[in-house]
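Asks: Model the structure of this input:
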Amino acid sequence: MATLSLTQFLTLDGVVQAPGGPDEDRSGGFEHGGWSVPFGDEDFGRRIDEIFARPTAFLLGRRTYDIFAGYWPQQTDPADPVATKLNALPKYVASTTLTSADWEGTTVLRGDVVEEVAALKERTDGEIQMHGSASLARTLLDHDLIDTLHLHVFPVVLGTGRRLFTDGVRPTAFRLTDARTTGAGVALHTYELAGRPEYGSY
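Replies: Numbering: from 1, shown residues only. Okay, the predicted model is just below:
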């Protein structure tokens, strides 16, 4: 049975929208796209290479899939660990509106997403990776289907934009298993699913 990990870029106020470029996602009138780019130093590059050394498959939401499929198939440098894995490994995209997927190795999951992902984990070995895909991630978090969170927290506050953790998410406890900081100040945290929160009083 596979584990499912989520790698997510967040601002200090929890915004996940359009980290990679001004026109990546302007929905809702978002004007701050590209906020992660100034922090892309060697430390951060090593972290991304580390993550992309591990997957056996990818699971993406529709919006992230469209962004990735518009870029990565054109990146053919065999020395690029991100492009190599994304182009070669199986990709699953959760969508009720996508009728076909041109990116080689893509399967569209059209049914109930919780059932589909649970079944995918059962029949897959290794590590299935999600990148971005915040809407899908919120649904899966509410059903304890994401085993590991790689949260990359950037020292920026934006005030607007879509967030990963919104009001109404299921109360969940995680265990911090790794914490590092890049030279540019990005906090790289890894958390493992630990069940429900415990409560007390001071």
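
Asks: First-to-last residue distance for stretch 141-161?
Replies: 20 Å (CA to CA, to the nearest Å).

Asks: change the start of the numbering to 19 and stick with it
Replies: Sure thing, new numbering starts at 19, so read that last one as stretch 159-179.

Asks: Touching the worst-scoring helix or strand of the chain on mean pLDDT from outside, list them.
Replies: When the helices and strands of the chain are scored by mean pLDDT, DSSP states H and E, helix 80-87 comes last with a mean of 94. Here helix 80-87 makes contact (CB atoms under 8 Å, 6 or more residues apart in numbering) with 38, 42-43, 78, 104, 109, 111-113, 115-116, 119-121, 124, 149-151, 153. (Glycine included, C-beta is placed from N, CA and C.)

Asks: what about the spatially closest residue to residue 184 that is not a sequence neighbour, which helix or strand?
Replies: Of all residues not flanking residue 184 in the chain, residue 156 sits nearest, at 6.9 Å (CB to CB, 6 or more residues apart in numbering). Element membership for residue 156 (DSSP states H and E) is helix 152-159.

Asks: Give me the distance between that helix and the centre of its chain.
Replies: Averaging C-alpha positions (CA atoms, centre = their mean, to the nearest Å) puts helix 152-159 9 Å from its chain's average.

Asks: quick one, strands of the protein?
Replies: 21-29, 75-79, 109-112, 124-127, 145-149, 166-172, 191-199, 205-213 (DSSP state E).

Asks: Does residue 108 touch residue 78 like I think?
Replies: No. Judged on CB atoms under 8 Å, residue 108 makes no contact with residue 78 at a distance of 11.4 Å.

Asks: Contacts only, for the residue nearest the centre of the chain.
Replies: In the chain, the C-alpha nearest the mean C-alpha coordinate belongs to residue 149, at 2.4 Å (CA atoms, centre = their mean). Counting by CB under 8 Å, 6+ apart, residue 149 touches 24-26, 76, 78, 82, 86.

Asks: hmm, 6 Å instead?
Replies: residue 25 (CB atoms under 6 Å, 6 or more residues apart in numbering).

Asks: Over to the one 3 residues further on?
Replies: Applying CB under 6 Å, 6+ apart, one finds that residue 152 lies in contact with 34, 182.

Asks: Can you check what pLDDT the model gives it?
Replies: pLDDT recorded at residue 152 is 95.
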